[in-house]
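1. Need coordinates for the below:
(chains A and B)
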There are 2 protein chains.
Amino acid sequence: MLTLTGIPGVPLVKPGDDLGGLLAAALERAGRAPVDRDVIVVAQKVVSKAEDRFVDLARVKPSARAMELAAELEKDPRIVEVVLSESRRVVRKRPGLLIVEHRLGFVMANGGVDRSNVGPVEEGERVLLLPRDPDASAERLRQQLSRQFRCDLAVIINDSFGRPWRKGIVGVALGAAGIPSLMDMRGRPDLFGRPLEVTVTCFADEISAAASLVMGQAGDGIPAVLVHGLDWSAPPTQASYLVRGAEEDLFR
Amino acid sequence: MLTLTGIPGVPLVKPGDDLGGLLAAALERAGRAPVDRDVIVVAQKVVSKAEDRFVDLARVKPSARAMELAAELEKDPRIVEVVLSESRRVVRKRPGLLIVEHRLGFVMANGGVDRSNVGPVEEGERVLLLPRDPDASAERLRQQLSRQFRCDLAVIINDSFGRPWRKGIVGVALGAAGIPSLMDMRGRPDLFGRPLEVTVTCFADEISAAASLVMGQAGDGIPAVLVHGLDWSAPPTQASYLVRGAEEDLFR
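-> You can find the predicted model right below:
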C-alpha cells in the first residue's frame, strides 16, 4: 500500500528560514516519524521562499526586448524581463502565454516566475523564482531530515507544469535526492517472456503528481507530503537528468 | 491521508471476460470493499483485452503509405498500418519513433498500439489497440462496481505516455467516469487574498500517475488500484475533455 500524508502545521515560510527544521518539527508534532525509503515531497514555492528567491518588481528595469515582448503578449514588462533573465530561450509565445526553456533546462510557462502566494499584497509587488539549484536543495533537505530522523530518506521538490496536447497542470519534479528519477525497465521480460520494448518510467514525476493531489491547490497550505510504501533498486539520479536535451527533442 | 492499494489476484484477462466482475471478486477476496468517492484505476491493457481489441498481424495488409513509412522509420509495416488506421494524423516521426494523433485525440507514440504483454508468443503475433471508447468503458465499470458495492465510485482507465521535454513515461487518464478530470481553481483567492491566475489541475492525470506507481511496470501484474481519500466538488467530466484541441495547441 502506498500512503501519502500531508504534513500539517508547517508555518508560512520566510526568507532565511531553516526549512528542513520547520519540516522536521511539523513531522514530529504530527507524530509522523519517517522511516527508511520514505519520500518527502516539498513544494517548490516554500523552497524558493526559504532561499529568498524573491524579486521586487519595483527594482526591475525591463530591457527593450522585454518591453517589445510584453506589448506583444499583453504582459507586465517587468515580469517578462524577469522571465527572460531566468531563461535560455523562448520556445513558444502568444498573447497571455510565454513558454521558455528555463536556465535549468525545464520547458515551462513563464520560466517558473510566480506571482501567486508570494506574500501579502502590502509587501509590494514581488515575484518568486525557482530555487537556484533544486537538486542541491533537495539533497540538503535529504541530508538534514535523514540525520534528524536517523533513517535514509528521499526528497523531491515538486512544481506543477502545463504540457502540450492535454489540458491542465500536473505535478512534476524539479529536484530530487536519494531516489531514481527515472526507472529504466527496458529489456526486462514482460509477463509472457517477451522483452519489454521501451519502458522508462518517470518515477520522480509520478511521485510529484501523486503528492500534488494531497497538496491541493491552496498554495502552501500543505507544502509537504510524506510518501510511504515505495521501493526501488536503481541508484539515485537527480531531477536534472529528466530534462530531454534539445537535440533529441522533437517539440521545440 | 491518501492511500493507493493494488488490487491483487485479478486473473489474466481474456477477450469477453466480465472485467467488472473480475475486479469486484478480487476486491472482495482482498477484503477491500470500496466506499463512496473511492476511485478505481484500471490499466488500459486489461480493458482492451476484455474488449477484444486484439489485431492479428498475419491478417494486416500494409498500404503503400504504411510500407513507405515503415521503411523510413525502420518499423514493421503491419504495425505501422495498424497505427495509421488508429490515427488521424502523424504528428512527428523519426527512425524508431512514430507519434500520432489518435482518433480519440490523444497525441501519443504508436497510437497506443501495444505489443508487450498481449499474450503468449505461441498465440502468434498480435497487437492490442486502445479501448474503442475509454470514457464509456470507465462508465460501464463505474456503474457495475458502484452497484456491486452499493456506493458511489469513480473509475479511471489509465495508460502511460511519453511527453516532450522530459524523459520517461508517466501515467495519464484515457477514460474517466464519476470524477472531474480537470479541477478548475481559477479565481479562488490564494493564501494572501490575491486571485490565483491560472490553476487548472489535471486531477485525472495526477490520479493516473499515482496509480501507475502502484501498478509498477510488470504489465498487468497489478492491473487495478483502489484510491481512497480524495475529495472533489466539481461535477464529473470525461477524460476526452482533457484533449486540447489542435487549434489551441502550440505543439503539433
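
2. Identify the residues contacting A:G171.
-> Each residue near A:G171 by CB atoms under 8 Å, 6 or more residues apart in numbering or on different chains is listed here: A:158-160, A:205, A:208-213, A:215, B:206, B:209. Glycine gets a C-beta too; all of them are placed from N, C-alpha and C.

3. Can you tell me which of those residues has the most neighbours?
-> Each of these was scored for neighbours by other CB atoms under 10 Å in any protein chain shown, and A:S208 scores highest at 34 neighbours.

4. Kindly confirm whether my reading is correct that that residue touches A:A173.
-> Yes - contact criterion CB atoms under 8 Å: A:S208 and A:A173 qualify, at 4.6 Å.

5. Helices of the stretch 51-200 of chain A, residue ranges please.
-> Per DSSP state H, counting those that start in this stretch, the stretch 51-200 of chain A carries helices over the ranges A:64-73, A:77-85, A:134-149.

6. out of the ones you listed, nearest to chain B?
-> helix A:77-85 (11.1 Å; CB to the nearest CB).

7. Would you mind getting the angle between the closest one and helix A:64-73?
-> Here the directions of helix A:77-85 and helix A:64-73 differ by 120 degrees (axes from the mean of the first three to the mean of the last three CA atoms, to 10 degrees).

8. Now helix A:77-85: buried residues?
-> Under the neighbour-count criterion of 16 or more other CB atoms under 10 Å in any protein chain shown, helix A:77-85 has A:77-84 buried.

9. any residues in contact with both of A:S208 and A:A173?
-> Jointly contacting A:S208 and A:A173 under the rule CB under 8 Å, 6+ apart are A:156, A:158.

10. residues in contact with the nearest residue to A:Q238 once chain neighbours are set aside?
-> Nearest non-adjacent residue to A:Q238, counting by CB to CB, 6 or more residues apart in numbering or on different chains: A:D135, 4.0 Å away. Contact analysis of A:D135 by CB under 8 Å, 6+ apart lists A:175-177, A:238-240.

11. pretty sure A:G229 contacts A:M1?
-> Yes - using CB under 8 Å, A:G229 is in contact with A:M1, at 5.5 Å.

12. hang on, the earlier thing: among the buried residues of helix A:77-85, find me the one that's closest to B:G6.
-> A:V83 (42.0 Å; CB to CB).

13. How about the contacts made by the closest residue in space to that closest one that isn't next to it in sequence?
-> With CB to CB, 6+ apart as the criterion, A:V83 has its nearest non-adjacent residue at 4.3 Å, and that residue is A:G111. Counting by CB under 8 Å, 6+ apart, A:G111 makes contact with A:82-84, A:86-87, A:98, A:100, A:102, A:129-130.

14. Apply 7 Å and report the result again.
-> A:83, A:86-87, A:100, A:102 (CB atoms under 7 Å, 6 or more residues apart in numbering or on different chains).

15. just the buried members of those residues?
-> For these, a burial check counting by 16+ other CB under 10 Å picks out A:83, A:86-87, A:100, A:102.

16. Go through these and name the one nearest chain B.
-> Comparing these against chain B with CB to the nearest CB places A:H102 closest, at 10.5 Å.

17. ok, the closest one to A:L57 distance?
-> From A:H102 over to A:L57 the distance is 19 Å, taken as CB to CB, to the nearest Å.

18. got it, and A:P134?
-> Using CB to CB, A:P134 is found at 23 Å from A:L57.

19. Tell me which of the two has more neighbours.
-> Comparing A:P134 with A:L57 by neighbour count (other CB under 10 Å), the higher total belongs to A:P134, at 29 against 17.

20. Give me the distance between A:D76 and A:M67.
-> According to CB to CB, A:D76 stands 11 Å off from A:M67.

21. These two: who's more crowded?
-> Taking neighbours as other CB under 10 Å, A:D76 and A:M67 compare with A:D76 leading, 18 against 14.

22. can you tell me which residue is nearest the centre of chain A?
-> By CA atoms, centre = their mean, chain A has its centre lying nearest to A:N158, at 2.9 Å.

23. can I assume A:V41 is in contact with A:V225?
-> Yes - counting by CB atoms under 7 Å, A:V225 is a contact partner of A:V41 at 4.6 Å.

24. more crowded one of A:G229 and A:M1?
-> More crowded of A:G229 and A:M1, by other CB under 10 Å: A:G229, with 16 against 11.

25. OK, contacts around the more buried one?
-> If you count contacts by CB under 7 Å, 6+ apart, A:G229 has them with A:1-3.

26. Quick check: which ranges of chain A have low pLDDT?
-> Scanning chain A for pLDDT under 70 picks out the ranges A:116-123, A:185-198, A:217-220.

27. and with 80 instead?
-> Applying pLDDT under 80 to chain A picks out residues A:116-124, A:184-199, A:216-221, A:252.

28. Domain ranges for it, per the record?
-> Per the record, chain A has its domains at A:3-53+A:132-242, A:55-128, by automatic domain parsing.

29. how about stretch A:8-16 as CSV, C-alpha atoms only?
-> Provided in CSV are the C-alpha atoms of stretch A:8-16 (Å, rounded to 0.1, in the frame of the first residue of the first chain):
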residue,chain,number,x,y,z
PRO,A,8,0.3,19.7,8.6
GLY,A,9,1.3,22.7,10.6
VAL,A,10,4.3,24.0,8.6
PRO,A,11,4.3,27.7,9.2
LEU,A,12,4.4,30.3,6.4
VAL,A,13,8.0,30.2,5.2
LYS,A,14,10.1,33.3,5.1
PRO,A,15,13.5,34.0,3.6
GLY,A,16,16.3,32.6,5.6
